[in-house]
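> Sharing a model prediction with you, sequence too.
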Amino acid sequence: GAGVSQSPSNKVTEKGKDVELRCDPISGHTALYWYRQRLGQGLEFLIYFQGNSAPDKSGLPSDRFSAERTGESVSTLTIQRTQQEDSAVYLCASSFESSATYEQYFGPGTRLTVT
Amino acid sequence: GQNIDQPTEMTATEGAIVQINCTYQTSGFNGLFWYQQHAGEAPTFLSYNVLDGLEEKGRFSSFLSRSKGYSYLLLKELQMKDSASYLCASYTGGFKTIFGAGTRLFVKA
């Protein structure tokens, strides 16, 4: 596609349920990033993929969070047993090279609300 | 530690010039990004500075001083559409970019 796409755009879930967020990066982009943005705050780095491997998972807040990527395409971020503190916009970005010195192209985000 | 400071909000008048400052203290530093984010939208890339000095790109310029841990984004001939959040971000290496909380800029007529 022309840009990074994410689905769903909005997700409302009950506390304790699992959710799965999807990201389709720009075709040919080898690097993929997940960020979390709480209301009025900056972007919090979660995880980075180079191809389908994740060299850096240090930003994942807890073991309830996991992510995987199929080849150099779709990635899913899974949050198990959601908590209200997980409510945020989850942004995915991709870049052409593995180095973050190249600009990251962001998707529109998934707004997650945990009730 | 990782610390990026930028003002929370700024207000400026259409047609004027505004400077948004950013100071950073990060473990590792390779370069400094500026992104623009309109409300409810994804961030979009504005600039990336690696070397000290000013880089100009149309109405927007970005400055970096590595020795001072300081950067600024300069917006000239402000337009209403420039009302947005401006995110300062440090590329620390290891494929990690640390973002500041952003500066919300309000442009008034």
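Okay, I see it.

> ok, residue 6 - contacts?
Using chain A. Neighbour list for A:Gln6: A:21-24, A:90-92, A:107-110 [criterion: Cβ atoms under 8 Å, 6 or more residues apart in numbering or on different chains]. Quick note: C-beta positions are derived from backbone N, CA and C, even for glycine.

> that's the wrong chain, I meant chain B
Shown in contact with B:Gln6 (Cβ under 8 Å, 6+ apart): B:20-23, B:86, B:88, B:100-103.

> got a list of what the most centrally placed residue in chain A touches?
Residue closest to the average C-alpha location in chain A (Cα atoms, centre = their mean): A:Trp34, at 3.2 Å. Neighbouring residues of A:Trp34 by Cβ under 8 Å, 6+ apart: A:23, A:46-48, A:67, A:75, A:77, A:90-92.

> redo that, cut-off 10 Å
By Cβ atoms under 10 Å, 6 or more residues apart in numbering or on different chains, A:Trp34 lies in contact with A:21, A:23, A:44-49, A:54, A:59-60, A:65, A:67, A:69, A:75-77, A:90-93.

> Can you pull the residues of chain B lying near chain A?
B:2, B:4, B:6, B:8, B:30-31, B:33, B:35, B:37, B:40-48, B:50, B:85, B:87-89, B:91-102, B:104 (Cβ under 10 Å from any Cβ of the partner chain).

> repeat that for 7 Å
B:30-31, B:41-43, B:45, B:48, B:87, B:91, B:94-102 (Cβ under 7 Å from any Cβ of the partner chain).

> restrict the contacts of A:Trp34 to contacts with chain B.
Filtering these for neighbours of chain B using Cβ under 7 Å from any Cβ leaves A:45, A:48, A:91.

> neighbouring strands for the least confident helix or strand in chain B by mean pLDDT, and are they parallel or not?
None of the helices or strands of chain B scores lower by mean pLDDT, DSSP states H and E than strand B:96-99, at a mean of 84. Here strand B:96-99 has these sheet partners by DSSP bridges: strand B:84-93 (antiparallel).

> quick check, distance from the strand it pairs with to the centre of its chain.
Chain-centre distance of strand B:84-93: 6 Å, with Cα atoms, centre = their mean, to the nearest Å.

> can you give me how far stretch A:28-44 is from the chain middle?
6 Å.

> Rounded mean pLDDT for it, please.
For stretch A:28-44, mean pLDDT is 89.
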